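**Student:** need a 3D model of the sequence below.
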Amino acid sequence: MVKGKKGHLPQETHCALIKRLQAVIPAMAQVVVLGDGEFDGTQLQAALRTAGWAYVCRTAVNITIYAQERVFSVGDLPLKRAEAVALENVQMTAERYGPVMLLGIWDTNQDAPIYLVTSLADPTAAADWYRLRFRIERLFANHKSRGFQIHKSHLRHPERLAHLLVATSLAYLWVHEVAMFAQTHGWVEQFHRTDRCDLSLFQIGLRAMHYARREGKRIPMRLRLPPKLLAALPNTNGFSVR
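**Tutor:** Residues are numbered from 1 along each chain as shown. Okay, here's the model as predicted:
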């Protein structure tokens, strides 16, 4: 893959991904795509609309907006802390792509506002959807620097990387199950402070496994996948999941 400005992938790559996802997502499914500033390109937005999918994506302060007779930059929205602004039926960039809704949201606990473009008609719903995006950041971190270190695998072949992601994703689920087992059976106080918890569920699971190995304890649990999910896994050339 050839990266573009700021290390971002080109829109063509994103659009190709959308086409591949369409092949595996049921046609009747409700899909809302949540993206950071890399995913506000007009070509990608058009591809999502063609697929019949909604989206809420972050956009940059320097993007040009056309609203009726006014032309301004996203960052020019009049916005103060603890406020939110929504503009309907605007167009964006020199291509005047639209209509889209532009949102500006400045939460009280944030140093600066965020700006979103969305195909949804309800600004409150769009903001609620986008807040869900941050949940996946923990998964990224736990797969990489805070957990499985897959960024150090040096894998470049897409299929091999896909196989590794299958394994680490299943392991990710199992580590969370171990964490809940440890919490239920009073293990956590054996390796973490009791006055408060500073660990994520994933880190609790990892420490619980180290504790069990050190103390010779058994974790009586197994990860079982439904047959339909097993059948949907990619051809792994000998790798098996039970």
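**Student:** for R207, give me its contacts.
**Tutor:** Under the criterion of CB atoms under 8 Å, 6 or more residues apart in numbering, the contact list for R207 reads 191-192, 199. C-betas here are computed from N, CA, C, even on glycine.
**Student:** which SSE is the spatially most central residue of the chain in?
**Tutor:** Closest to where the C-alpha atoms of the chain average out (CA atoms, centre = their mean) is I136, at 3.9 Å. Secondary-structure element containing I136, defined by DSSP states H and E: helix 135-143.
**Student:** in that helix, what counts as buried?
**Tutor:** Across helix 135-143, burial judged by 16 or more other CB atoms under 10 Å covers 142-143.
**Student:** next, L116: secondary structure please.
**Tutor:** Each residue gets one of three states, and L116 gets strand by DSSP: H, G, I helix; E, B strand; the rest coil.
**Student:** and for it, nearest residue in space, chain neighbours not counted?
**Tutor:** With CB to CB, 6 or more residues apart in numbering as the measure, L103 is the residue that lies nearest to L116, at 4.2 Å, once sequence neighbours are left out.
**Student:** quick check on the one you found: phi, psi?
**Tutor:** Note on L103: backbone dihedrals following degrees, to the nearest 10 are phi -120, psi 140.
**Student:** what segments of the protein are strands?
**Tutor:** In chain order, the chain shows strands spanning 32-35, 54-58, 64-67, 70-73, 83-92, 97-106, 114-118, with DSSP state E as the criterion.
**Student:** average pLDDT for the fourth one?
**Tutor:** This predicted structure assigns strand 70-73 an average pLDDT of 94.
**Student:** what do you get for the third one?
**Tutor:** Averaged across strand 64-67, the pLDDT comes to 96.
**Student:** if we can go back for a sec, could you pull up the residues touching the residue nearest to L116?
**Tutor:** Contacts for L103 were tallied using CB under 8 Å, 6+ apart; they are 84-86, 115-118, 123, 126-127.
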